[in-house]
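> quick one, structure for this:
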Amino acid sequence: MLKAIIFDFDGVLGDTYAMSLEVFRTFRSDLSDQSYKDQYNGNVLHNNPMDFKPEEKDVFFQEMHKRFEEKHLFPFKKELQNLSEEYKLFVVSSTREENLNKYLNCGNLLQNFEQILGSDTNKSKVVKFKMIFEKYNLKAEECLFFTDTLGDLRESFEVNLPSVGVTWGFQDHETLKKGEPWKIISEFEELIPTIEEYNNQLKSV
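Have a look, this model is predicted:
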C-alpha cells in the first residue's frame, strides 16, 4: 500500500527553470540552455561543470529567494491538500530549506508536508531518502517520488525508490527515460491518476 509521496521541488512543484537560468547567467553570461540542463544529469550539488565558487552559490540562493513569488508555483494547491489527507508528503530538494519554506508559504502549501529536506540537511538525496525511510518507518516501495531530472532518478534508483519523471520541469522525456523511471508524465492532470495507478498496483501484488 502506498503511504508516502516525495516531491522534488524545482521543476516539479516550482516553476523555477527560467528564473534559475537567469540567475546563473549573472555569473556565466555565455551559459547555454543545454549546458545548464546537463548539470542535472547527476546530483547538481556534486556535478557542477561550471565550477561555481561557494560565494557564488550563496548569491544564487539569495537571488532566488528575493525573486520567488506565488506565480512561480505550478497549479497543485488543491491536489496537495487532498493528497496530504491520505498520504505523508515530503519535499526532497537541492535547494536551501529557507527558500523552500518561503516558496511553499507563498502558496499556503507548507502545512501539507510532513518534512522538507533541502541542501541544509544533506547534499545527497540518497541520504535524505534513507532518512525518510528510517524516521517514518517506510519501505522504499511504499513511497513514490516525482522528479524532473535524470540525476534525481539515478539517486532514487540507488535506494530502490519508485519514481515518476515529469516533463514540465528542467529535462525532457528522452533524458528522463535514461533514468528508467516507473513512469513519465507530461500533464499536470496526470498526477493524481498516476498515484492511484501505482497504489492499485501495490494492492494487487
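> make it CA atoms for all contacts and neighbour counts henceforth
Noted.
> name the nearest residue to N112, sequence neighbours excluded.
Closest residue in space to N112, ignoring its immediate chain neighbours: S84 at 5.5 Å, by C-alpha to C-alpha, 6 or more residues apart in numbering.
> roughly how far apart are the one you found and I6?
Separation of S84 from I6 (C-alpha to C-alpha, to the nearest Å) stands at 11 Å.
> hang on, the earlier thing: neighbours of the residue nearest to N112, just the number please.
S84 sits with 17 neighbouring residues when counted by other C-alpha atoms under 10 Å.
> what are the phi and psi values at it?
For S84, the backbone dihedrals (degrees, to the nearest 10) come out as phi -70, psi -20.
> wait, doesn't it sit right on Q111?
No - S84 lies out of contact with Q111 (C-alpha atoms under 8 Å); the separation is 9.0 Å.
> what residues are up against the residue nearest the centre of the chain?
Against the mean C-alpha coordinate of the chain, by C-alpha atoms, centre = their mean, the closest residue is D8 at 1.2 Å. Contacts for D8 (C-alpha atoms under 8 Å, 6 or more residues apart in numbering) come out as V91, V92, S93, F145, F146, T147, D148.
> next up, phi/psi of it, please.
D8 has phi and psi values of phi -70, psi 160 when expressed as degrees, to the nearest 10.
> repeat for D172
Dihedral angles for D172 - degrees, to the nearest 10 - are phi -90, psi 180.
> helices of the protein, start to end?
Listed in chain order, the helices of the chain (DSSP state H) span 17-24, 33-38, 54-67, 77-84, 97-106, 125-135, 150-158, 173-177, 191-204.
> okay, now E79: neighbour count?
When neighbours are counted by other C-alpha under 10 Å, E79 registers 12.
> so what's it closest to, chain neighbours aside?
I192 (7.5 Å).
> so how far is V12 from the one you found?
Taking C-alpha to C-alpha, one finds I192 at 14 Å from V12.
> that older thread, which one of the helices of the chain is the most hemmed in?
Greatest average neighbour count among the helices of the chain goes to helix 150-158 (a mean of 22), per mean count of other C-alpha atoms under 10 Å.
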